[in-house]
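Asker: turn this into a structure:
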Amino acid sequence: MASEKLLSADSRAQDDGFLDQTSQREFWIISLASLLFSITVAHSTLVALAFGRLGYSLEKIGLLLSIMAIPVLASTFFSGLVIGRLGALWATRLSMLFAAIGVGAMALASSSFWPSLVVRLVWGAGVGLFLPPTMVYVQSRLSQKRFVYLVSAFSATVPLGLAFAPAIGEFTLN
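Answerer: Purely as a prediction, here's the structure:
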């Protein structure tokens, strides 16, 4: 009876374009994680205001905002090596770890420029490493049925975060 129920759930998931029920659940969890990740990345205005309130000069704020591009580009460029070595799922987890450390440590490091700079570099490494392995992993969990639709739906989670980020940022700041 249990195997028939599992087979039925797998069949429904396959009809929806996934390999099995587990793939379907993983797709939605990773899509939600991608949305939340995108919300945390769309924060430049909030970071600039927070650093301004801490008394940073405009030059230091500009450097702290722009320095993140270096590790983002570097980790995106080398993400294929990381995926090849660790696998897509572990590379995704590593990216989330770096980003979580970066976001979490910002509260502790923001009172001083150099620790803030290091935290932004770590955060940037997580941001740059995130999308390539998640795309690889999500695509590996889909069948050809509805593949393009599901990949597009997953991809939409990144810009969708930009819609929610300003309101969440304002709430956080206040």
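
Asker: excluding its backbone neighbours, what's nearest the residue nearest to the spatial centre of the chain?
Answerer: With distances taken as Cα atoms, centre = their mean, the residue of the chain nearest its centroid is F37 (3.6 Å). Counting by Cβ to Cβ, 6 or more residues apart in numbering, F130 is the residue found nearest to F37 once chain neighbours are left out, at 5.9 Å. Just so you know, the C-beta spots here come from the backbone N, C-alpha and C atoms, and that holds for glycine as well.

Asker: before we move on, back to that, could I get the pLDDT score of the residue nearest to the centre of the chain?
Answerer: You'll see F37 listed with a pLDDT of 84.

Asker: quick one: the helices in this protein?
Answerer: For the chain, helices defined by DSSP state H occupy the ranges 2-15, 21-41, 44-53, 58-66, 69-77, 79-86, 88-109, 113-140, 147-155, 157-173.

Asker: could you identify which of these is most buried?
Answerer: Stretch with highest mean neighbour count among those: helix 113-140 (a mean of 20; mean count of other Cβ atoms under 10 Å).

Asker: between that one and helix 88-109, how many degrees?
Answerer: 160 degrees (axes from the mean of the first three to the mean of the last three Cα atoms, to 10 degrees).

Asker: could you check the angle helix 113-140 makes with helix 44-53?
Answerer: On the basis of the same axes, to 10 degrees, helix 113-140 is oriented at 170 degrees to helix 44-53.

Asker: elements contacting helix 113-140?
Answerer: For helix 113-140, the contact count by 3 or more Cβ pairs under 8 Å, 6 or more residues apart in numbering; DSSP states H and E identifies helix 21-41, helix 58-66, helix 69-77, helix 79-86, helix 88-109, helix 147-155 as packing neighbours.

Asker: pull the distance from it to the chain's centre.
Answerer: 7 Å (Cα atoms, centre = their mean, to the nearest Å).
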